[in-house]
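A.B. asks: following is a predicted model, sequence given first.
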Number of protein chains: 2
Amino acid sequence: MRAPDDLSGYGEWSEMKKIGAISGFPEWLPAQRMVEQAYIRRIQEQFELFGFAPIETRAVEPLNQLLKKGETDKEIYVLRRLQADEGGEDSNLGLHFDLTVPLARYVAQNQGHLHFPFKRYQIQKVWRGERPQEGRYREFYQADIDVIGQGDLPLHFDAEMPLLLHSLMSSLPIPKLTLLVNNRKLMEGFYRGLGIDDISSVLRIVDKLAKIGGDEVRSQLMETIGLTEDVAQKCLSLAQIKSPGTGFEDDVRALGVTHPLLDEGISELSFVMSMLDRLPEGSVIADLSVARGLDYYTGTVYEGLLEGHESLGSVCSGGRYDNLVQGGRHAYPGIGVSIGLTRILAPFFSKGLISTPRHTPTCVLVALNSAETRQQSMDIAETLRARGIPAEVYHAPQKFGKQIRYAERKGIPFVWFPGNQEDEIDQIRDIRSGEQEEAHCSQWEPSIQDLSPVSLTEAVVGEESEGN
Amino acid sequence: MRAPDDLSGYGEWSEMKKIGAISGFPEWLPAQRMVEQAYIRRIQEQFELFGFAPIETRAVEPLNQLLKKGETDKEIYVLRRLQADEGGEDSNLGLHFDLTVPLARYVAQNQGHLHFPFKRYQIQKVWRGERPQEGRYREFYQADIDVIGQGDLPLHFDAEMPLLLHSLMSSLPIPKLTLLVNNRKLMEGFYRGLGIDDISSVLRIVDKLAKIGGDEVRSQLMETIGLTEDVAQKCLSLAQIKSPGTGFEDDVRALGVTHPLLDEGISELSFVMSMLDRLPEGSVIADLSVARGLDYYTGTVYEGLLEGHESLGSVCSGGRYDNLVQGGRHAYPGIGVSIGLTRILAPFFSKGLISTPRHTPTCVLVALNSAETRQQSMDIAETLRARGIPAEVYHAPQKFGKQIRYAERKGIPFVWFPGNQEDEIDQIRDIRSGEQEEAHCSQWEPSIQDLSPVSLTEAVVGEESEGN
């Protein structure tokens, strides 16, 4: 099934689409929402298995909180009440654009009530007023986990995040995740060792390596920041280092740059990579080009790609931030990862790569013999529900053919026919096979597959067909 | 546990509260969010048992959609991008203030893809820029179910809503729900039979009966609308009719008013009440004062109160709307109910009426004997997780007393001590009883209660203590 946005071929409804849809705000049909919900539940289960507790933060933050992060001011949606005066209290509120800035505020606000290391997960929508384009949304789901320490936060948490991510992503019916890991101290130390001061400008250019290529990175480093060709080449060479394990260290040392911060970064990244050596080959790669833009990260950084769908860009990302939570007597270093759920699901929906045969959780449609026997049908449905089987009664005493077609259109697997005399036993029909048999509503059991409208083992993301 | 908003007694943190909290935007601590999440899952389960499919709509709607409903303009939050020009496309968007107006737009937009009667549920936050006060929030959860028909929608759906609500609310650990039912046609027909034209003004005044009392209703009807005392008294007498079954009919007839629309309304309400006569006594009451303000309702209307907590006001409400969905060849009558989840939970949290002993989903804390044996502890945790048992490894090789205190503070019921020699068997301690025994991580099982951080059978809302 395709996303409702794709209405080409629906004639008059394409006009309706223009009226109703808003670019960048994706919405799903019920069958797709059931898949999204199944993904969210699976993600919650995994987060909870690892001992992360849920929170939700309000959708709004004070603008000064939101603007702390840096160059994101253009993306923020600001609120005002329709009838309020300009400059009232509400005009200082904006919608959150991620879940990390709100977490930092939440921890500062509630530090006296939280237990550290504080492990929380948070699955909510975020909003960014960006110009919508392929793979960019104005409203989308993020699923975040973070650990916040009080005073300090041991380095092994930097390795636990990839372990958790690997376990989580393997449990979802999506292509294999490759997680790229780097360390900001390593990068900054290397640049400082080369005598560069404008670290953030270098980071910003190096971060574009995958998009613009090595030659362009080198020229930009020379032209924009004024590095010599030799220094620019060393920055590029560092960014081009990749290794599945701790092999990156020799390659970095071979570039001949030294700095205490570089040593610290190498040692941290080596520790993380060696703790991850039990994961399947190719799951985690040290990739020294990953910078994560101008974000608040101070050490380890992550970026995740889906095999065969690298064009989607990073579907999960994160890292360590030692200075985001402010206020109070303690330091609150943190580390976390954010999974871009909408960014994963939306393209799979729009390309029709996820099968969604059921449009309702209903497992059994109880047929209605006549208006007078509605109570009989309702009693059957109630008995089934009390046993955990989703059931609904057909709404009108129409011909059985019409009632069966309703079940077919909604993807309801079974239709229940109440016996219409005292001595007649009820019958149930599997409308896929047409098989029909006698049944008692206090005993009949559907298979687990038929009970659940979405099976995450079946809903495997398919191959892209040619031309997509 | 009290809500984090209640920080009185926390000394310096009350200052923090002023910085972080925003009036009308409630937030919960993790233990409370786990309860809220358990409520939401139970509500979803119940909705799905009745065959309602989930959707989510975007948080924003065009302002002209939001303003269709009537006198709600003051409550709407309008969006603009921080750096955008005034009057750009974004300034026509507002946050939704309920889930019914977005549903109407969604149905009009996707009618070619939906199967009717379309049964959907939707659990999302909504926003209203109201002045915050006791029981009013600017951001809160609503849990809605609606059925939308194509062409027509049989009346028995008006009775199915209360059946579903009764089943749902009985499955939650909250006080008993009393559902008040009325019918707009009955009210309007009665007023028309009395020769009144300004129906909406009468509705608005009568709707305040519970708040301002009968005498005040009568005077306002006379003073504001200019009704004679006799006519005003009849309007009041109608509003004062209450009956557990269909008894209201005789009381209405006794007032001597006649009108075809009145007959229609009486007949509809009688049908609904008689279909509900199997519910426990007191669950549903025909209450002819319920008007639901100036909303879009055209027939049956509902309002639900929690026994012993009537001061919370209506915790669920809804009704039939025949004209809300516009566009297309067909009429799309609908009926639905909205449950004010935040309105139920927030006061119970702030009064400390819901017990929340666990601050994490973690069931087992695996102790860390030393930095060198971290892998051993991680393997144990991984084995437990693979068996569905939430487990985390303590983060530092500290004294066991400290590790146990961490578990105690977070409400983790068990601590696992890995054997520290090859031939030493692991031990598990129930930190509530102090009992400790040998255990194997591939076999040990917690009880179902200990596995789940929130038990909805245990988390019963307590009695209000005096003075609250």
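C.D. replies: Yep, that arrived.
A.B. asks: so what's the residue nearest to A:N420 when sequence neighbours are not counted up against?
C.D. replies: Residue nearest to A:N420 in three dimensions, not counting chain neighbours: A:N369, with 5.1 Å by C-beta to C-beta, 6 or more residues apart in numbering or on different chains. Every residue, glycine included, has its C-beta placed from N, CA and C. A:N369 makes contacts with A:376-377, A:397, A:417-418, A:420, as judged by C-beta atoms under 8 Å, 6 or more residues apart in numbering or on different chains.
A.B. asks: quick check: which of those residues has the minimum pLDDT.
C.D. replies: Among the contacts of A:N369, A:N420 has the lowest pLDDT, at 81.
A.B. asks: do you know how far A:D207 is from chain B?
C.D. replies: Distance of A:D207 to chain B, computed by C-beta to the nearest C-beta, to the nearest Å: 23 Å.
A.B. asks: now do A:G214
C.D. replies: 33 Å.
A.B. asks: the closest residue to that residue other than its chain neighbours: helix or strand, and which one exactly?
C.D. replies: Once flanking residues are discounted, A:G214 sits nearest to A:L236: 5.5 Å by C-beta to C-beta, 6+ apart. Using DSSP states H and E, A:L236 sits in helix A:229-239.
A.B. asks: adjacent strands (with direction) for the helix or strand just after that helix?
C.D. replies: The helix or strand immediately downstream of helix A:229-239 is strand A:242-243, counting by DSSP H and E. Note on strand A:242-243: by DSSP bridges, its sheet partners are strand A:284-287 (antiparallel).
A.B. asks: what mean pLDDT would you report for the partner strand?
C.D. replies: Here strand A:284-287 scores 97 as its mean pLDDT.
A.B. asks: heading C-terminal from it, find the next helix or strand.
C.D. replies: The C-terminal neighbour of strand A:284-287 among helices and strands, as given by DSSP H and E, is strand A:300-306.
A.B. asks: packing partners for that next one?
C.D. replies: If you count contacts as 3 or more C-beta pairs under 8 Å, 6 or more residues apart in numbering or on different chains; DSSP states H and E, strand A:300-306 packs onto helix A:156-170, strand A:177-183, helix A:260-275, strand A:316-321.
A.B. asks: list the residues that contact the closest residue to A:L153 other than its chain neighbours.
C.D. replies: Leaving aside its sequence neighbours, A:L153 sits nearest to A:P333 (C-beta to C-beta, 6+ apart; 4.3 Å). For A:P333, the contact set (C-beta under 8 Å, 6+ apart) comprises A:148-149, A:152-153, A:320-323.
A.B. asks: of the helices and strands packed on strand A:300-306, which is nearest A:S455?
C.D. replies: Nearest to A:S455 among those is helix A:156-170 (16.7 Å), distances taken as C-beta to C-beta.
A.B. asks: now do that closest one: which elements does it pack against?
C.D. replies: Where contact means 3+ C-beta pairs under 8 Å, 6+ apart, helix A:156-170 is packed against helix A:30-49, strand A:139-148, strand A:177-183, helix A:260-275, strand A:300-306, strand A:316-321, strand A:334-339.
A.B. asks: and the first one, what does it pack onto?
C.D. replies: Under the contact definition 3+ C-beta pairs under 8 Å, 6+ apart, helix A:30-49 sits against strand A:53-54, strand A:118-127, strand A:139-148, helix A:156-170, helix A:341-350, strand B:53-54.
A.B. asks: what comes up buried for it?
C.D. replies: For helix A:30-49, the buried set under the neighbour-count rule, 16 or more other C-beta atoms under 10 Å in any protein chain shown, comprises A:30-39, A:43-44, A:46-49.
A.B. asks: excluding its backbone neighbours, what's nearest A:P347?
C.D. replies: Leaving aside its chain neighbours, A:P347 sits nearest to A:L312 (6.0 Å; criterion: C-beta to C-beta, 6+ apart).
A.B. asks: so who does that neighbour touch?
C.D. replies: A:L312 is in contact with A:135, A:305-306, A:343-344, A:347, counting by C-beta under 8 Å, 6+ apart.
A.B. asks: tell me the domain ranges of chain A?
C.D. replies: Following automatic domain parsing, chain A resolves into domains at A:13-58+A:97-350, A:60-95, A:364-451.
A.B. asks: could you tell me the end-to-end distance of the last one?
C.D. replies: The straight-line separation of the ends of domain A:364-451 (C-alpha to C-alpha, to the nearest Å) is 9 Å.
A.B. asks: how far does that domain sit from the chain's center?
C.D. replies: 38 Å (C-alpha atoms, centre = their mean, to the nearest Å).
A.B. asks: ok so, going back, touching the helix holding A:L236 from outside, list them.
C.D. replies: Outside helix A:229-239, the residues within contact range by C-beta under 8 Å, 6+ apart are A:187, A:190-191, A:194-196, A:202, A:206, A:209, A:214, A:217-219, A:221-222, A:227, A:252, A:255, A:257, A:288-289.
A.B. asks: which among the residues you listed end up buried?
C.D. replies: Taking 16+ other C-beta under 10 Å as the criterion, what is buried in the contacts of helix A:229-239 is A:187, A:190-191, A:194, A:196, A:202, A:206, A:209, A:217-218, A:221, A:227, A:252, A:255, A:257, A:288-289.
A.B. asks: among these, name the ones in helices.
C.D. replies: If you go by DSSP state H, the buried ones among the contacts of helix A:229-239 have A:187, A:190-191, A:202, A:206, A:209, A:217-218, A:221, A:252 in helices.
A.B. asks: so can I have TSV of the residues you listed showing pLDDT?
C.D. replies: Below are those laid out as TSV (pLDDT from 0 to 100):
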residue	pLDDT
A:M187	97
A:F190	98
A:Y191	97
A:V202	93
A:V206	92
A:L209	92
A:V217	96
A:R218	97
A:L221	96
A:V252	98
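A.B. asks: helix, strand or coil for the residue of the stretch 151-300 of chain A found nearest chain B?
C.D. replies: Ranked by C-beta to the nearest C-beta, the top residue of the stretch 151-300 of chain A for proximity to chain B is A:P154, at 5.4 Å. With DSSP: H, G, I helix; E, B strand; the rest coil as the basis, A:P154 sits in coil.
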